[in-house]
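J.: structure, please.
(2 chains)
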Amino acid sequence: MALKIEARRQISTRMLYLTPFIAVGATVVAGFFLFLALGVDPLDSLYYFFVSPVETLNGLAELGVKAAPLIMIAVGLALGYRANIWNIGAEGQLTVGAVCGGAVALAFWNDEGIYILPLMAFAGILGGAAYAAIPAFLKTRFNVNEILTSLMLTYVATLFLAVLVFGPLKDPEGYNFPQSRMFSDSAILPIILEETRLHLGFLVALAIAVAGWVLLSRSIIGFQIRTLGSAPAAARYAGFDRTRLTWFCLLLTGGLAGLAGTFEVAGPIGQLVPNISPGYGFTAIIVAFLGRLHPLGIIASGFLMALSYLGGENAQITVGLPQAVTGVFQGLLLFFLLASDFLVRYRVRSVKPLAEGV
Amino acid sequence: MEPVEEVVKQHPRLELRGITKSFPGVKANSDVSFKVQPGEIHALLGENGAGKSTLVKQIYGILKPDAGDISWDGREVDVPSPHAARALGIGMVFQHFSLFEAMTVLENVALGMDDPGSDRAALAARIRLVSDSYGLPLDPAREVHTLSVGERQRIEIVRCLLQSPRLLVMDEPTSVLTPQEVNRLFETLRKLSAEGCSILYISHKLNEIKELCDHATILRGGKVVAECTPAEETARSMAQLMIGAEFRSVARREAVENTGPLRLELKTLSMAPEVAHGVPLKSINLALKAGEILGIAGVAGNGQGDLLAAIAGERRAVDAGAVMIDGKPVGKLGPAGRRKLGLCTVPEERNGHGAVPDMSLTDNAMLSGHKRMGFLKGGFLDTAKARSFAAEVIKRFDVRTPGTETTAGSLSGGNLQKFIVGREILQKPEILVVAQPTWGVDAAAAATIQQALVDLAATGSAILVISQDLDELLTLSDRIAVINAGSLSEAMPTATVSVEEIGLLMGGIHGTPEKGAA
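T.: Residues are numbered from 1 along each chain as shown, chains lettered A, B, ... in the order given. Next up is the predicted model:
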């Protein structure tokens, strides 16, 4: 007996849309056994992980706080992925965006004015886009793989941020803590739900998802992106410029990640610190795929991944599980998603070793 | 082989009874029955989507019939896999070869066999023996990328013959061959048939079937509509049986001196090949006038792809003046810019090049028509407009599809070809460059496409047809040029040129034909 993998002749579209749900279900089941193996009550743990974080209004608001950057970044990533442009370095672009937006806030630390926030957002977008321009240039000019360059630049960005908060941007009155001054009130995003941390950035993220959907499905640029991803030779035939689209997708993704970074420091954090994001830039990759690279699907998957962050924190507090559980859950989800995607397209058949043919 | 034939004489080699096969939404084969006798050359004839390929795949064990039986030498058999089919003695030569270019003939043959044995020298000797005795000269040590398409086909045939098949299935084998190579193939097939090997021959070329086949089964809409003896029929009567309607032949154009203005000009265009092992374009000159159809003949793989890409703008010339449209140098312009100047193209590969397989026909109309046909409103897609254009293409070119929202990839090859060619023709280009306009398309659809090309030329468009189908070029073109190893011959008036002359140019032989050449 041997196993053989073969392509399915007919790929069911229904199954393709069902896979995210199957993956979520499988993750919960695997989580059950994971908790069991860790020696905690699995049902209790699942409750603390998936349900209890969102039982309160504050919990729901926190869900929005965490989902906002994920959605924002994932929409940009999805557009690129649709065109087979694989930006893996959104975390780095987020960091540089946060630095740029934060630098503007710190330049006006003693000022008030409604111009400060838009200026920060602009600087954040510019910073993220400029950082993504490096892999874009290397890709279009020297055909360097953008997966490697964008990923490696992430670590450069994180260290760059550390240099700044340990040095030039350190709060002069901060008792030598590695963090910047607190931003002025004008540099803090307005709260949209009283008594919570839910800020304006959440609405912006939803608007970006809708705009991304319109761009992808209705505009000529979206059409070019879809064509390039689906049939590169046909894109060339139609005269769609691969270089320009590569630039567009990378700058757009970088800009959105940069904006998300600015919103993080201008929202929940309120200053520059060495660790701005709990891996939003990487988690957004899972969000993008879980949402089927569709901007509206990404809204749903963004909430789900945000819940994994909250659940992880909650499980640490209530059941005393390690923080790594968050990462494990996110990994499980991606694993099951890729596996079910694969099984929708291929099937595994057992064959007698000698009867192998074709 | 003789004694075996004696025993099975009373039974047909292959008999299909009531073969039925459905796919979601289509009945590809319904109650198909026919027999192939030992040593018979049996034609399977039918329009695109008539179910020929589906039927053959069931015989070769790639697909499983929903209902019906297959008998082999009078014994009912189950063919669960190609391996089982080969074990019975069925060999198949596909339209598209599955060969590794960087490997030798010997290695390719060994890879495709179920039991090549470990002695390579012995296998090489067998290859030489078989190829010589059937007039298919083949050097086992040659690497495949150095071979012509005709020679590559020989590898596939020899690979089948090494397994001593008793039924050889050939799917459109002549579409890539020169006339001389076709003749040679027919000799081989006749020799095989004389030795008792049955041949199931799939083709849409009616003249070939008339010349070669003893019997023909005609499929239409998945059903057997007629059986006939090709020798007793005319090509026209078979075409009528095949399409079930009056067959319309293309109005041959009057040969007149073309005095129209020069539309497209290539001046000493040279270009390195895009793919490894390709042939470079060598100093190509060409002048295409308004209102004329110029044909470029040639065996596949002689630079046609790069020539088309260079004209379309998918590949830019080093020198802008190497490609001129209406006297303007456009060598550095991309496809969109050239399309704006009135140049539309149909690439050879439909899926993935001329069309995006997983997009709808509407989106595929958008693909090449968005600028020229005004399917854009300020950067946004005017899908309704593209949809109605797609619907018009479907209607005018009789594309068999449930509707405009069907994906291009789900159409049969011929139907997609009709859609793509129709899409470009209906954009009323001033210059149209078409590769293989009717490749894999049935006779009726081919006539529609060819007529549309002739009509388009009559309105003053300049048309360049790059094709491996010589009959088609002779029917359509006012002038004919031959591409071989990246060089383009002088264009000759079709009225005065002979098939032999073109055939020799295709084989790379210039000047007086030598005896038994090519």
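J.: from here on, contacts and neighbour counts on C-alpha atoms
T.: OK.
J.: where does the stretch 251-358 of chain A dip in pLDDT?
T.: Within the stretch 251-358 of chain A, the stretches with pLDDT under 70 are A:351-358.
J.: okay, residue 66: pLDDT?
T.: If you meant another chain, say so; for now it's chain A. Here the pLDDT value assigned to residue A:66 is 95.
J.: nope, chain B
T.: 90.
J.: contacting residues for it?
T.: Residues in contact with residue B:66 (C-alpha atoms under 8 Å, 6 or more residues apart in numbering or on different chains) are B:19-22.
J.: tell me the one among these nearest to chain A.
T.: Nearest to chain A among the contacts of residue B:66 is residue B:22, at 12.9 Å by C-alpha to the nearest C-alpha.
J.: dump the residue contacts of residue B:200.
T.: B:36, B:41-44, B:167-170.
J.: and the contacts of residue B:66, which are buried?
T.: Buried residues within the contacts of residue B:66, counting neighbours by 16 or more other C-alpha atoms under 10 Å in any protein chain shown: B:19-21.
J.: what residues does the stretch 101-250 of chain B put near chain A?
T.: residue B:114 (C-alpha under 8 Å from any C-alpha of the partner chain).
J.: all strands for the stretch 101-250 of chain B, in order.
T.: Shown for the stretch 101-250 of chain B, the strands assigned by DSSP state E, counting those that start in this stretch span residues B:167-171, B:198-202, B:215-220, B:223-228.
J.: same question for the stretch 51-200 of chain A.
T.: Going by DSSP E, counting those that start in this stretch, the stretch 51-200 of chain A shows no strands.
J.: helices of that one, residue ranges please.
T.: For the stretch 51-200 of chain A, applying DSSP state H, counting those that start in this stretch gives helices covering A:57-82, A:90-107, A:116-142, A:146-166, A:200-218.
J.: for the third one, which helices and strands make contact with it?
T.: Right, helix A:116-142. helix A:90-107, helix A:146-166, helix A:242-264 (3 or more C-alpha pairs under 8 Å, 6 or more residues apart in numbering or on different chains; DSSP states H and E).
J.: tabulate these in JSON lines, adding columns for mean neighbour count and distance to residue A:44.
T.: What follows is the helices and strands packed on helix A:116-142, written out as JSON lines (neighbours: other C-alpha atoms under 10 Å in any protein chain shown; distance: least, C-alpha to C-alpha, whole Å):
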{"stretch": "helix A:90-107", "mean neighbour count": "30", "distance to residue A:44": "33"}
{"stretch": "helix A:146-166", "mean neighbour count": "18", "distance to residue A:44": "37"}
{"stretch": "helix A:242-264", "mean neighbour count": "28", "distance to residue A:44": "32"}
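J.: switch those over to JSON lines; also include distance to residue B:439.
T.: Below are the helices and strands packed on helix A:116-142 laid out as JSON lines (distance: least, C-alpha to C-alpha, whole Å):
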{"stretch": "helix A:90-107", "distance to residue B:439": "47"}
{"stretch": "helix A:146-166", "distance to residue B:439": "39"}
{"stretch": "helix A:242-264", "distance to residue B:439": "29"}
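J.: pick the one among the contacts of residue B:200 closest to chain A.
T.: Nearest member of the contacts of residue B:200 to chain A, counting by C-alpha to the nearest C-alpha, is residue B:169, at 15.6 Å.
J.: how about residues contacting stretch B:118-131?
T.: With C-alpha under 8 Å, 6+ apart as the criterion, stretch B:118-131 contacts B:106, B:116-117, B:137-140, B:158, B:161-162.
J.: can you give me the mean pLDDT across the strand or helix carrying residue B:388?
T.: In the assignment (DSSP states H and E), residue B:388 maps to helix B:383-396. What helix B:383-396 shows for mean pLDDT is 94.
J.: stretch A:227-243 and chain B, are they touching?
T.: Yes - Stretch A:227-243 reaches chain B (C-alpha under 8 Å from any C-alpha) through A:227, A:230-240.
J.: how about stretch A:15-35: buried residues?
T.: A:15-16, A:19-20, A:22-24, A:26-28, A:30-32, A:34-35.
J.: related to what we said a few turns ago, now tabulate the contacts of stretch B:118-131 in JSON lines and tack on neighbour count.
T.: Converted to JSON lines, these look like this (neighbours: other C-alpha atoms under 10 Å in any protein chain shown):
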{"residue": "B:106", "neighbour count": "23"}
{"residue": "B:116", "neighbour count": "16"}
{"residue": "B:117", "neighbour count": "10"}
{"residue": "B:137", "neighbour count": "17"}
{"residue": "B:138", "neighbour count": "21"}
{"residue": "B:139", "neighbour count": "16"}
{"residue": "B:140", "neighbour count": "22"}
{"residue": "B:158", "neighbour count": "23"}
{"residue": "B:161", "neighbour count": "21"}
{"residue": "B:162", "neighbour count": "18"}
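J.: mind listing what residue 101 touches?
T.: Going with chain A. Residue A:101 neighbours (C-alpha under 8 Å, 6+ apart): A:119-124, A:127, A:261-262.
J.: can you look at chain B instead?
T.: Contacts of residue B:101 (C-alpha under 8 Å, 6+ apart): B:143-145.
J.: tell me the contacts of residue 281?
T.: Let's take chain A. A:70, A:73, A:89-92, A:94, A:257.
J.: that's the wrong chain, I meant chain B
T.: B:269-273, B:303, B:306-307, B:485-487.
J.: which of the helices or strands spans residue 307?
T.: Assuming you mean chain A. helix A:295-318.
J.: actually, chain B is the one I wanted.
T.: For residue B:307, the host element (DSSP H and E) is helix B:304-312.
J.: other residues contacting the helix or strand just after that helix?
T.: Going down the chain from helix B:304-312, the next helix or strand is strand B:323-325, by DSSP H and E. By C-alpha under 8 Å, 6+ apart, the surrounding residues in contact with strand B:323-325 are B:263-267, B:269, B:311, B:317, B:329-331, B:341.
J.: backbone phi and psi for the residue in the stretch 151-300 of chain B positioned nearest to chain A, please?
T.: Here the residue of the stretch 151-300 of chain B nearest chain A is residue B:274; by C-alpha to the nearest C-alpha that distance is 12.8 Å. Residue B:274 adopts backbone torsions of phi -80, psi -40, taken as degrees, to the nearest 10.
J.: and it, what pLDDT?
T.: The per-residue pLDDT reported for residue B:274 equals 82.
J.: on that earlier part again, pull the residues that contact the helix holding residue B:307.
T.: A:237, B:271, B:273-274, B:281, B:298, B:315-317, B:323, B:331, B:334-335, B:338, B:343-345, B:347-348, B:433, B:435, B:466, B:483, B:486.
J.: can you say which of those residues are buried?
T.: A:237, B:271, B:273, B:281, B:298, B:315-317, B:323, B:331, B:334-335, B:338, B:343-345, B:347-348, B:433, B:435, B:466, B:483, B:486.
J.: which ones among the residues you listed lie within helices?
T.: Judged by DSSP state H, those include A:237, B:335, B:338 as members of helices.
J.: closest one of those residues to residue B:442?
T.: Distance to residue B:442 across these (C-alpha to C-alpha) is lowest for residue A:237, with 25.7 Å.
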